[in-house]
Every structure is written in C-alpha cells, then in structure tokens.
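Trainee: predicted model follows, preceded by the sequence.
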Amino acid sequence: MGADGCYGPTRLIRPGPALLRLATAHSLREIRLATRADAVLLSPVFPTRSHPGGKVLGPVRFREIARQARLPVIALGGMTPHSARRLAGFAWAAIDGLVRKAG
C-alpha cells in the first residue's frame with residue numbers, strides 16, 4: 001500500500017519489511033508487551049473531546065511510565081501546543097489538537 005509504518009494495539013504489531021511500527025498503550029504493562037514495536041503511543045495523557053470524562057494519565061503519571069519504558073514513548077490524547085509544553089523533553093502526537101475550528 002506504500003505505507004511507511006503501522007500502528008495499533010501491541011497484540012497486532014507484527015514484524016514487517018522495514019516499516020515503522022508504533023504500538024498503542026495505556027499502561028506500563030501494555031508497553032512491556034510491545035516487544036515488536038519501534039515506539040509506543042501512550043494515551044490518554046490529557047482529557048480528549050473524543051472521550052469526555054474518560055480517565056487520563058496526567059503529566060506526572062505519563063512521565064513515570066515513560067521513564068520506565070524500554071522503548072521511546074510518544075504522548076497522545078488531549079495534546080495541543082499548550083499541553084505539549086507540560087511534557088517538555090518528550091515526543092508527542094496529536095490527532096484533534098491541532099485542528100482549528102471554524103467560527
């Protein structure tokens with residue numbers, strides 16, 4: 001398909017032909033299961049519009065987990081330029097946080 005990589009739950013990450021493999025995780029336990037991944041997207045760090053009222057890690061717990069991980073950890077969930085500054089020194093990714101709303 002011409003993809004440069006893939007992502008998904010740790011149980012679905014498989015070895016592949018030079019693809020970047022990103023696992024999704026919500027805890028240190030899930031990160032430790034990501035033995036075939038190149039990095040892990042750990043979420044949700046902050047509240048998200050897609051899961052209002054859902055449980056979040058927060059910046060302190062995110063840092064604790066990320067520091068114990070053996071793989072690079074990327075913050076996801078509620079990430080905006082402002083929330084990213086609260087995680088200085090860590091990588092982050094955003095899906096909804098960089099979209100400007102009309103009006």
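Mentor: Thanks, I have the structure now. As the structure is a prediction and not an experimental result, all values here were calculated from the model.

Trainee: from now on I want contacts and neighbour counts done on CA atoms only, so please keep to that.
Mentor: Noted.

Trainee: ok, longest helix in the protein?
Mentor: Across the chain, the longest stretch assigned as helix under DSSP state H is helix 58-68.

Trainee: list the buried residues for it?
Mentor: Neighbour-count burial for helix 58-68 flags 58, 62-63, 65-66 (criterion: 16 or more other Cα atoms under 10 Å).

Trainee: just give me the closest of these to Ala88.
Mentor: Arg63 (10.1 Å; Cα to Cα).

Trainee: just to check, Leu57 is in contact with Thr48?
Mentor: No - with contact defined as Cα atoms under 8 Å, Leu57 does not reach Thr48; the gap is 11.7 Å.

Trainee: just the endpoints, please. Distance across stretch 69-89?
Mentor: End-to-end distance of stretch 69-89 (Cα to Cα, to the nearest Å): 15 Å.

Trainee: now stretch 47-63
Mentor: 16 Å.

Trainee: contacts for that stretch?
Mentor: 42-46, 75, 77-78, 86-87 (Cα atoms under 8 Å, 6 or more residues apart in numbering).

Trainee: for stretch 51-64, what is the distance to the chain centroid?
Mentor: Offset of stretch 51-64 from its chain centre (Cα atoms, centre = their mean, to the nearest Å): 11 Å.
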